[in-house]
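A.B. asks: below are the sequence and a predicted model for it; my questions follow.
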Amino acid sequence: MFEQSPPAPKRGVLGDVSVALLVFDPSTGAISYVNAAASALFDLRDDRLPETRVTDLLPDLANLTPRTFATIFHARRGERRLEVRLEHLKGGSFARVGAMLATIELIASTVTAEPELRRDAPEEPAPESDVVAESQRGDRMESLWNLVVRRGLAGSEHVRAILLEGTRGLAMENASLARVEGEELVVDFAEPIEAAGTRAAIDRSFARAALRRSGTFAVLDTERDREYATTAMGMRSFLSAAFRIGDNRWVLTFSSVRPRESPFGDEDWRYVGDIIEALSRGIERRESDAKIERLAYSDALTSLPNRVALLARLDEAIAEADALGGSAAVLFLDIDGFKGVNDTVGHRGGDTVLAEVADRLRGTLRREEYIGRLGGDEFAIVMPRVASRTEIESIAQRIGGVLTFPFGVDDYRFSLSASIGVAIYPDDAASRDDLLACADAAMYAAKDDGGSRIRFRDATGGFENGSITAASARSNEQREAGYLLCYQPILELASGRITAVEALIRRIHPLHGLLAPERGWSIARDEAGRRALDRWVLHEATAQGRAWAAAGIPVRIDVNLAAFDVREIDALLEDADLAEDVRRLRIELAPEQFVEPEQAARVVEFVQYCASKGIGFALDGFDGGLGTLATLSNLPIDAIKLDRPLIEGVGSSSTSRAIVQGTIIVAKSLGWSVIAKGVESSAQQESLVSLGCDGVQGFFVAHPMTAVDLGTWLRERRYAGREA
């Protein structure tokens, strides 16, 4: 048993009520809303409304003081004595902020009858049932009006409140407002609220008939309707109405666990139309407010919070620190080398890189850390509830890791870093503005020191950490906070696959952040420090190789050591979880290690011991001295790596080409594979292929990247079909 409504009435005012209501702008007197009772009282036709000012109707409304007063209105058919209540409205869907509401009730009237309208016979009273129906209709329309206008609800709260009011007005228990997405309905709002967020196929929903007919459709008892009996889900009656808001299609559904005893009447259909009117305005207002908020508080290029939003969040962090007696921090970031990006690929390409920088930075932060863009290539991070500087230093490691992975624009690839300035509240400054100034000064100090580092600054420009000063910090370089392993892929030319990676150590300094590698720098100055570093590298690289293999990405890992002590190999083998994975390692040797006989003997002993455990070796940094190869020919070396200067001219210099060709011939005669390092162009790679080189490593293949980024990069290559 079902019924379908007549065509929906034209959307307009919310209906007739016994009390006249006027909403107007106090600054201009323009009327923005009248109900049916006000239209009848003041004889306000739609075509007259834009020209009419509220003081034209009631001069007393020139006084905008909220109050209740009595006045006389001189109408065409006599005088009306009125009681007027004037009040301010909250901002809502039908009234902007600052609007006023006049509620007008008739106290008494002196009516002058017009001859042409006089009737000799008294008008018969309406039947009692009609009076009751009219009263009920007026009550629910008045209730809906109070909900929409007087209470001034807005946004999602407004929509849910209207749904709840609709269930009461139609004597139903459930209501939902769903958006059409393809062949599904997405329930954005619901009463009870638990149903919000669910999805349902249109073909199995109550809304299907209303959507097909683009109108309103109701079923009084689903058990008596074959089409809906199997999909009713315990509901015995429902009413659905489809409508549009802009480009989106929506459907409103009311349902009940009880069958409906009487059909929906014309007033019910009009009431549903008024609910749709209210919902439409509420959703339009909600979407408009959301758009305005996005424009006001987010950066257009990166979608990160902008300076206004950052300052608001910093104020909250400072207030929280004051309340809890804790600390908060702000970090200013400036991207090193970004000018070179703009100079190379133009500002449009630079915008592409900035947007990706923002995505990567957003992904590195924890939930409580708040990042935004200040402008240009400058960003800021707000950290509430800071317990120690170690937490802040860890950000440098995370940021350095994600910026090292190359950014691609057209055929260009860029590897970036960041200069970071830090100020801590309340240690460095007692106000927000002073805190920002300290962080800004610290960031420029990091820039002046060469970039790619982090600096803590107070208002006086010094370092605040007990007895540490700028001078003592520079002289105490052994205070490293930790290390980071980055990995550079090695491409096997014959198969086009990544078969190995080289693990490269990057240092995180507590004052300078992520440091770029420098030739000859020592990160461990004594034997104990070198052994500790080797222990960390061996365990970290082996564990990472195991994780990649478990993920279906088996690669060998080339590592550089500092101490070459067999005790660290034994410590690795004692780790039951890693002992089976040591064969994934390949330790790199340098030709200069075999110049001094005493050192050479110790290294040879180390090599032989490791080889017995299944660990491989590669000769790194070979510069073309063929005499060195004869000295090392008896060692269990798997591969030889040609140094960057030897490769630079291979595509253009016949001398370089001849040296590389001779080296490849000799190395292969010894059973070694040949890997070229520092390959940066397609011309170099093509020349190496023609000379019989086995593998290449360099920026043309990929920049060094963190373990997470490398795993993603390898999976993307596989999905793109670049690897079998």
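C.D. replies: Arrived safely.
A.B. asks: then stretch 190-203 to CSV, C-alphas only?
C.D. replies: Once non-C-alpha atoms are left out, stretch 190-203 reads as follows in CSV (Å, rounded to 0.1, in the frame of the first residue of the first chain):
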residue,chain,number,x,y,z
ALA,A,190,20.5,11.0,10.7
GLU,A,191,18.3,10.8,13.7
PRO,A,192,19.2,8.7,15.7
ILE,A,193,22.7,9.9,14.9
GLU,A,194,24.2,6.4,14.9
ALA,A,195,23.0,5.9,11.4
ALA,A,196,25.1,8.8,10.0
GLY,A,197,28.1,7.8,7.9
THR,A,198,26.5,4.6,6.5
ARG,A,199,26.2,3.7,2.8
ALA,A,200,23.5,1.8,1.0
ALA,A,201,22.8,0.7,-2.5
ILE,A,202,20.0,2.9,-4.0
ASP,A,203,18.2,-0.2,-5.5
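A.B. asks: give me the pLDDT value at residue 646.
C.D. replies: Residue 646 is assigned a predicted lDDT (pLDDT) of 86.
A.B. asks: residue 694 now?
C.D. replies: Reading off the model, residue 694 has pLDDT 95.
A.B. asks: residues contacting it?
C.D. replies: Remark: with contacts taken as CB atoms under 8 Å, 6 or more residues apart in numbering, residue 694 is in contact with 492-494, 639, 673-675. The C-beta positions use only the backbone N, C-alpha and C, and glycine is treated the same way.
A.B. asks: any chance of those in TSV with neighbour count as columns?
C.D. replies: Converted to TSV, the contacts of residue 694 look like this (neighbours: other CB atoms under 10 Å):
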residue	neighbour count
492	16
493	16
494	9
639	22
673	19
674	23
675	29
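A.B. asks: reformat these as TSV; add secondary structure, pLDDT and distance to residue 620.
C.D. replies: Below are these laid out as TSV (DSSP: H, G, I helix; E, B strand; the rest coil; pLDDT from 0 to 100; distance: CB to CB, whole Å):
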residue	secondary structure	pLDDT	distance to residue 620
492	strand	94	18
493	coil	93	19
494	coil	91	22
639	strand	93	9
673	strand	94	13
674	strand	95	12
675	strand	95	9
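A.B. asks: shaky segments in the stretch 1-150 of the chain?
C.D. replies: For the stretch 1-150 of the chain, the stretches flagged by pLDDT under 70 are 1-18, 46-47, 75-78, 90-98, 109-150.
A.B. asks: where do the strands of it begin and end?
C.D. replies: For the stretch 1-150 of the chain, the strands defined by DSSP state E, counting those that start in this stretch occupy 2-4, 20-24, 31-34, 67-75, 78-88, 100-111.
A.B. asks: among those, which is nearest residue 345?
C.D. replies: Relative to residue 345, the nearest member of the strands of the stretch 1-150 of the chain by CB to CB is strand 31-34, separated by 51.7 Å.
A.B. asks: and that closest one, what's buried?
C.D. replies: Buried residues in strand 31-34, counted by 16 or more other CB atoms under 10 Å: 31, 33-34.
A.B. asks: tell me how far it is from the chain's mean position?
C.D. replies: Averaging C-alpha coordinates over strand 31-34 and over its chain gives two centres that are 41 Å apart (CA atoms, centre = their mean, to the nearest Å).
A.B. asks: for the stretch 151-300 of the chain, give me the ranges with low pLDDT.
C.D. replies: 151-155, 213-214, 285-297.
A.B. asks: what about residue 563, neighbour count?
C.D. replies: Neighbourhood size, residue 563 [other CB atoms under 10 Å]: 18.
A.B. asks: please name the residues that touch it.
C.D. replies: Shown in contact with residue 563 (CB under 8 Å, 6+ apart): 527, 530-531, 533-534.
A.B. asks: narrow the residues you listed to those in helices?
C.D. replies: If you go by DSSP state H, the contacts of residue 563 have 527, 530-531, 533-534 in helices.
A.B. asks: reformat the residues you listed as JSON lines; add pLDDT.
C.D. replies: What follows is the ones in helices among the contacts of residue 563, written out as JSON lines (pLDDT from 0 to 100):
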{"residue": "527", "pLDDT": "71"}
{"residue": "530", "pLDDT": "79"}
{"residue": "531", "pLDDT": "83"}
{"residue": "533", "pLDDT": "83"}
{"residue": "534", "pLDDT": "88"}
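A.B. asks: pull out the buried residues from these.
C.D. replies: Buried positions within those, assessed by neighbour count (16+ other CB under 10 Å), are 530-531, 533-534.
A.B. asks: as CSV, the residues you listed with distance to residue 435 would be great.
C.D. replies: CSV is the format used below for these (distance: CB to CB, whole Å):
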residue, distance to residue 435
530, 41
531, 43
533, 37
534, 42
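A.B. asks: for those, work out which two are farthest apart.
C.D. replies: 531 and 533 (7.3 Å).
A.B. asks: nearest to residue 415, of the contacts of residue 563?
C.D. replies: Looking across the contacts of residue 563 and measuring by CB to CB, the closest to residue 415 is residue 533, at 24.1 Å.
A.B. asks: how close does the closest one get to residue 320?
C.D. replies: Taking CB to CB, to the nearest Å as the measure, residue 533 and residue 320 are separated by 40 Å.
A.B. asks: ok, residue 410 next?
C.D. replies: Distance, residue 410 to residue 320, by CB to CB: 45 Å.
A.B. asks: neighbour-wise, which of these two wins?
C.D. replies: For residue 410 and residue 320, the more surrounded residue by other CB under 10 Å is residue 320, and the numbers stand at 13 against 10.
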